[in-house]
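*Asks:* Okay, sequence plus prediction incoming.
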Number of protein chains: 2
Amino acid sequence: MDKIRKYIKSITEINDEDWSFFSSKLHKNSYPKKSIITEIGEVENHISFIEKGIVRLLIPKKEEADEITYGFSFENEFISAYSSFLTQAPSLYKLETLVETSLLSITYSDLQKVYKHTKIGNLIGRLVAERLFIIKSNRALSLLNDSAEKRYFNLFTERPNLIKEIPLKYIASYIGVTPQSLSRIRKKIT
Amino acid sequence: MDKIRKYIKSITEINDEDWSFFSSKLHKNSYPKKSIITEIGEVENHISFIEKGIVRLLIPKKEEADEITYGFSFENEFISAYSSFLTQAPSLYKLETLVETSLLSITYSDLQKVYKHTKIGNLIGRLVAERLFIIKSNRALSLLNDSAEKRYFNLFTERPNLIKEIPLKYIASYIGVTPQSLSRIRKKIT
DNA sequence: TTATCTTTTTAACAAATTTCGATAATTATA
DNA sequence: TATAATTATCGAAATTTGTTAAAAAGATAA
């Protein structure tokens, strides 16, 4: 509970009453690597805080090599099939752990209670939504504006640990190219 | 003022006190077509509701043909260099009207007052941020997942009026291809 | 350690996209 | 209306990227 409390305190002040209401709704879960957290077609019922681990968002194709990695999420971030969570429509993508991962999750209906019954709920909800917006916005911009080479280079500088921990084929599909193509890019850079 | 009131009422109930506080902060501006609303490098100071018109988000390059169209926004939507607005860092892109456009705008500091002094502020702020997230999220997904042809076809079905009103070259850069390439796609479809 | 499986790299070819040049069509303007 | 300016289309060459297949390198488990 420590990390999420820290995270929220870094966003805004929160009184003890609100905090205990919110934190009483959180439940902790641990997943081994390669576990599925949310399936395609399922309506997302949780938003979760990553205490430890890495989660991948993906859309599977016929072959594993054709999968599209929509995004990664790391320690101290909120993760969800968020579009599905917000609209309560079936999710278009899947959430899968890349390494052993532990999450603190709150259900949709419990979160609505937090929004309704705490002073701070909507403020935190707004700030979290705003942060998630910025992430997706930058991603869309990069997909339009940057070359695959640039995108790889940016990952390299922004998240040097990602390159080490995550198999190349997932990074390739995140960047939007085939593993072969990323292999060429790598060769070119070094 | 009518359209924005309707829009907000479609999101949530709002009492008269909150509404008059909020609406007193709005100022109306009209722009001829091809006007710049927000420049690159500028810190975005407004979020605006489009009463009428179309706004294009873009990143200019050396040649006009190389410009990248990051997005379009239409009547009854909120528009802003939102990442810049949220972070109060210089904007990476530019806002420009495509046709004659009228906006209802609120400044950053006035919006913070609304968040602070009204009951409903953070709720509306959250819901707007969530909606904008869904838009950007779908966009990133489409850029990774769909072919240029598919993206054009989706635009065609989702926003048939867009195809008519907006020059092909802007649509091409929105889709992520050259005008020539889009011209070929068009030919193929019809 | 060997044997097996997965991941990454490399190569040759095919397909898709961009670039460039030119022209046609449309729109704006004197 | 005539002229200029912008926008859209087309073909061919050049480039990039995907595809397929196979080899090399790394990881895992018996």
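*Replies:* On my side now, so go ahead.
*Asks:* shaky segments in chain A?
*Replies:* Within chain A, the stretches with pLDDT under 70 are A:62.
*Asks:* Any residues of it in contact with chain B? List them.
*Replies:* Neighbours of chain B within chain A, by Cβ under 8 Å from any Cβ of the partner chain: A:59, A:68, A:70-71, A:82-83, A:86-87, A:92-93, A:115, A:122-123, A:125-126, A:129-130, A:132-134, A:136-141, A:143-145, A:176. The C-beta positions use only the backbone N, C-alpha and C, and glycine is treated the same way.
*Asks:* Secondary structure element for A:Leu58, which one?
*Replies:* Using DSSP states H and E, A:Leu58 maps to strand A:54-59.
*Asks:* angle of the helix or strand following that strand against strand A:54-59?
*Replies:* Under the assignment DSSP H and E, the closest C-terminal helix or strand after strand A:54-59 is strand A:68-74. With axes from the mean of the first three to the mean of the last three Cα atoms, to 10 degrees applied, the angle from strand A:68-74 to strand A:54-59 works out at 160 degrees.
*Asks:* Not counting its own residues, what contacts the helix or strand that strand A:68-74 is followed by?
*Replies:* Next along the chain after strand A:68-74, taking DSSP H and E as the criterion, comes strand A:78-79. Contacts of strand A:78-79 from elsewhere in the structure, counted by Cβ atoms under 8 Å, 6 or more residues apart in numbering or on different chains, are A:Ile37, A:Ile47, A:Ser48, A:Phe49, A:Ile50, A:Val55, A:Ser73, A:Leu95, A:Leu103, A:Val128, A:Leu132.
*Asks:* now the helix or strand hosting the fourth one against strand A:68-74, angle please.
*Replies:* Using DSSP H and E, A:Phe49 sits in strand A:46-52. Here strand A:46-52 runs at an angle of 60 degrees relative to strand A:68-74 (the same axes, to 10 degrees).
*Asks:* helices and strands around strand A:46-52, which ones?
*Replies:* Applying 3 or more Cβ pairs under 8 Å, 6 or more residues apart in numbering or on different chains; DSSP states H and E, we find strand A:46-52 packed against helix A:2-11, strand A:78-79, helix A:82-87, strand A:101-107.
*Asks:* Give me the contacts around the third one.
*Replies:* Residues from elsewhere that reach helix A:82-87 (Cβ under 8 Å, 6+ apart): A:38, A:42-47, A:89-92, A:108, A:132, B:130, B:133-134, B:137-138.
*Asks:* give me the residue from chain A nearest DNA strand D.
*Replies:* A:Ser181 (3.3 Å; Cβ to the nearest atom of the strand).
*Asks:* so who does that residue touch?
*Replies:* Residues in contact with A:Ser181 (Cβ under 8 Å, 6+ apart) are A:Ala148, A:Ala172.
*Asks:* That one should be in a helix, yeah?
*Replies:* Yes. Assessed with DSSP: H, G, I helix; E, B strand; the rest coil, A:Ser181 lies in a helix.
*Asks:* Widest-spaced pair of the contacts of strand A:78-79?
*Replies:* Farthest-apart pair in the contacts of strand A:78-79 is A:Ile37 and A:Val128; separation 17.9 Å (Cβ to Cβ).
*Asks:* residues making contact with stretch A:183-190?
*Replies:* Stretch A:183-190 has contacts (Cβ under 8 Å, 6+ apart) with A:Ala148, A:Glu149, A:Tyr152, A:Phe153, A:Leu168, A:Val177.
*Asks:* So which of those residues wins on neighbours?
*Replies:* Counting neighbours by other Cβ atoms under 10 Å in any protein chain shown, the top entry in the contacts of stretch A:183-190 is A:Tyr152, with 21 neighbours.
*Asks:* Any part of the helix or strand hosting A:Lys188 near DNA strand C?
*Replies:* For A:Lys188, the host element (DSSP H and E) is helix A:179-189. Yes. Counting by Cβ under 7 Å from any atom of the strand, DNA strand C has neighbours in helix A:179-189: A:Pro179, A:Gln180, A:Leu182, A:Ser183, A:Arg184, A:Arg186, A:Lys187.
*Asks:* cool, and stretch A:97-107?
*Replies:* No. If you take Cβ under 7 Å from any atom of the strand as the test, stretch A:97-107 misses DNA strand C, and the best it gets is 10.4 Å.
*Asks:* Just give me the closest of the residues of helix A:179-189 next to DNA strand C to chain B.
*Replies:* Within these, the smallest distance to chain B is 14.3 Å, found for A:Leu182 (Cβ to the nearest Cβ).
*Asks:* hang on, isn't that closest one packed against A:Ile175?
*Replies:* Yes. If you go by Cβ atoms under 8 Å, A:Leu182 and A:Ile175 touch, sitting 6.5 Å apart.
*Asks:* For those two, list the residues in contact with both.
*Replies:* Common contact partners of A:Leu182 and A:Ile175 (Cβ under 8 Å, 6+ apart): A:Ala148, A:Tyr152.
*Asks:* if we can go back for a sec, quick one, which of the residues of chain A next to chain B are buried?
*Replies:* Buried members of these, counted by 16 or more other Cβ atoms under 10 Å in any protein chain shown: A:59, A:68, A:70-71, A:82-83, A:86, A:92-93, A:115, A:122-123, A:125-126, A:129-130, A:132-134, A:136-137, A:139-141, A:143-145, A:176.
*Asks:* For burial, what's the neighbour tally of A:Gln88?
*Replies:* 10.
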